[in-house]
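Peer 1: no FASTA, just this:
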C-alpha cells in the first residue's frame, strides 16, 4: 500500500491556555484530558512527515473581530479571551510550533471561515485532513463540515484527541460527523493506520 | 416596542419532496411532522411582511456539484436526489413561492456556502434570521453557525419547525446552538413575539 502522508495535514485546533487551563475564562471542561493525546498525535504526524497546522484564535484587545455574542467579554482595561499577545493565547505546555509547521490564526469557529487555509492546503497538495483539539461542537465541527463542503477527500476526527464540555456533547457531535462520511478513529487506531 | 420585521428574513430550508416524502431517497424521518408548522411559520412571516427565503438544493444530473461523499448517488441513467428540474426537487405540497419571495439554490449544507445569500440579505438590510426546515444537524445547523460567524444580530431556530432523523439528534443540536447564543423558541412562542 502506498503511503501518501504528504497529502495529509494535521490540524491542531485552539489548544490554547484560555480554553484548556483550570480557571480560564473560556474553559472547555474536557480539554485538559486530551492534551497527552494531542501531543502524541503531533508526534505521530512529525514521524510521518505530515504537515502540522496550528489553528489558534487571536483577537483584537477590544474584541472588534470576535463574534457578536462574545464581544461583551472584551472591554477596555480587561484582557479578553485569547487576546493577541496575551498569555492565554499561548499554546498549552507540551505543544510547540516548530520550523516547517504552519500557524493559522482564525477569528471564528471554522478554521476555513475568512482565512486563507484552503488556498494554502491546496497549494501544498493536501486532500486529507486529520483534526484534533477543542471543542467538538464548535471549532472542531465547523472546521470539519467546511472541509466536507470543500470536497477534501478524507476528513478524520481523532475521537480521543478532541473534546467538548461533556462526553454526551462530544459523542452527539461525533455521530453527526460520522453521518456525513467523516472517519472518527481513536488516536491508537489512527497511529496504526497506513494512510 | 418598535417592530422591525423588515430587518428579519425567514429561511425555509430544503423542504423538498426528496427530503420529506415517504420512500424518498434522502428522507429525513422527522421532516413530515413539521410540514404544518413550516406552513404556519410562512403564514406568520407573510402577515408580518418578513422576507421569505426559500433555500433549496438543486443538483447537476451527474452530481458534479454535490459533496464528494454523496456523488455516488448520481449516475448516468438515474435521477439523483434533488436533481435540478426533477419532481423530487420541488417543494412539498402546501409550500408555495410567491412573488416577492426569494429563492436561493445551494449545493452544500450551509445556505451561505458559496452562495450570494449574505450579500442579498445585507442589501435588504436584514440583520435577523429565523430558520425553519430540515435537517437540524446539517443544513439547519451549518446555516445557523455561518450566520453567527457572519455577525447576524439575532439568529432564531424554530424548535418545532425544524427536524432531524430522531428527536435525540434534534435536541443535541439545538442545545449546541443555544450555547452559542441562538434563540430556539417554539413556533407558538415566536408567533406571539413582538420582534
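Peer 2: Cool, got the structure. Since the structure is predicted, the reported quantities are computational estimates derived from the model, not experimental observations.
Peer 1: okay, CA-based contacts and neighbour counts for the rest of this
Peer 2: Fine.
Peer 1: how about the residues of chain A by chain B?
Peer 2: Within chain A, the residues that sit near chain B (CA under 8 Å from any CA of the partner chain) are A:67-69, A:108-109, A:137, A:142, A:145, A:148-151, A:153, A:169, A:172, A:176, A:180-181.
Peer 1: go with 6 Å
Peer 2: Counting by CA under 6 Å from any CA of the partner chain, the positions of chain A adjacent to chain B are A:68, A:108, A:149, A:151.
Peer 1: now do the strands in chain A.
Peer 2: Defined through DSSP state E, the strands belonging to chain A, from first to last, are A:8-13, A:51-57, A:102-106, A:128-134, A:154-163.
Peer 1: now the angle from the first one to strand A:51-57?
Peer 2: Calculated by axes from the mean of the first three to the mean of the last three CA atoms, to 10 degrees, strand A:8-13 forms an angle of 20 degrees with strand A:51-57.
Peer 1: list the pairing partners of strand A:8-13 within its sheet, with orientation.
Peer 2: The strands beside strand A:8-13 in its sheet (DSSP bridges) come out as strand A:51-57 (parallel), strand A:128-134 (parallel).
Peer 1: by how many degrees do the first one and strand A:102-106 diverge?
Peer 2: Strand A:51-57 runs at 30 degrees relative to strand A:102-106, counting by the same axes, to 10 degrees.
Peer 1: the last one now?
Peer 2: Angle of strand A:128-134 versus strand A:102-106, following the same axes, to 10 degrees, is 60 degrees.
Peer 1: pLDDT weak spots in chain A?
Peer 2: The model of chain A has pLDDT under 70 over residues A:1-3, A:195.
Peer 1: which residue sits farthest out from the middle of chain A?
Peer 2: Here chain A reaches farthest from its C-alpha mean at residue A:77, the gap being 29.4 Å by CA atoms, centre = their mean.
Peer 1: if we can go back for a sec, now the strands of chain A as TSV including mean neighbour count?
Peer 2: Formatted as TSV, the entries for the strands of chain A read as follows, by neighbours: other CA atoms under 10 Å in any protein chain shown:
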stretch	mean neighbour count
strand A:8-13	24
strand A:51-57	22
strand A:102-106	19
strand A:128-134	25
strand A:154-163	23
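Peer 1: which among those is found nearest to residue B:6?
Peer 2: Within these, the stretch nearest residue B:6 is strand A:102-106; the backing value is 32.4 Å (CA to CA).
Peer 1: quick check: neighbours of that closest one in the sheet, parallel or antiparallel?
Peer 2: Counting by DSSP bridges, the strands paired with strand A:102-106 are strand A:51-57 (parallel).
Peer 1: other residues contacting the partner strand?
Peer 2: Around strand A:51-57, the neighbours that count as contacts under CA atoms under 6 Å, 6 or more residues apart in numbering or on different chains are A:9-14, A:101-107.
Peer 1: ok, back up a step: now the strands paired with strand A:8-13 in TSV, with distance to residue B:125?
Peer 2: Shown next, in TSV, are these (distance: least, CA to CA, whole Å):
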stretch	distance to residue B:125
strand A:51-57	29
strand A:128-134	35
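Peer 1: where do the helices sit along chain A?
Peer 2: Along chain A, the stretches classed as helices by DSSP state H are A:17-20, A:31-48, A:117-123, A:141-149, A:167-178, A:187-191.
Peer 1: most packed of these?
Peer 2: helix A:17-20 (a mean of 25; mean count of other CA atoms under 10 Å in any protein chain shown).
Peer 1: measure how far it is from the centre of its chain, please.
Peer 2: The chain centroid and the centroid of helix A:17-20 are separated by 13 Å under CA atoms, centre = their mean, to the nearest Å.
Peer 1: separation between the residue nearest to residue A:101 when sequence neighbours are not counted and chain B?
Peer 2: Closest residue in space to residue A:101, ignoring its immediate chain neighbours: residue A:52 at 5.2 Å, by CA to CA, 6 or more residues apart in numbering or on different chains. Remark: distance between residue A:52 and chain B (CA to the nearest CA, to the nearest Å) = 24 Å.
Peer 1: what about residue A:52, distance to residue A:131?
Peer 2: 10 Å (CA to CA, to the nearest Å).
Peer 1: number of nearby residues for the nearest residue in space to residue A:127 that is not next to it in sequence?
Peer 2: Sequence neighbours aside, residue A:152 is the residue nearest to residue A:127 in space, at 5.1 Å (criterion: CA to CA, 6+ apart). Neighbours of residue A:152 under the rule other CA atoms under 10 Å in any protein chain shown: 19.
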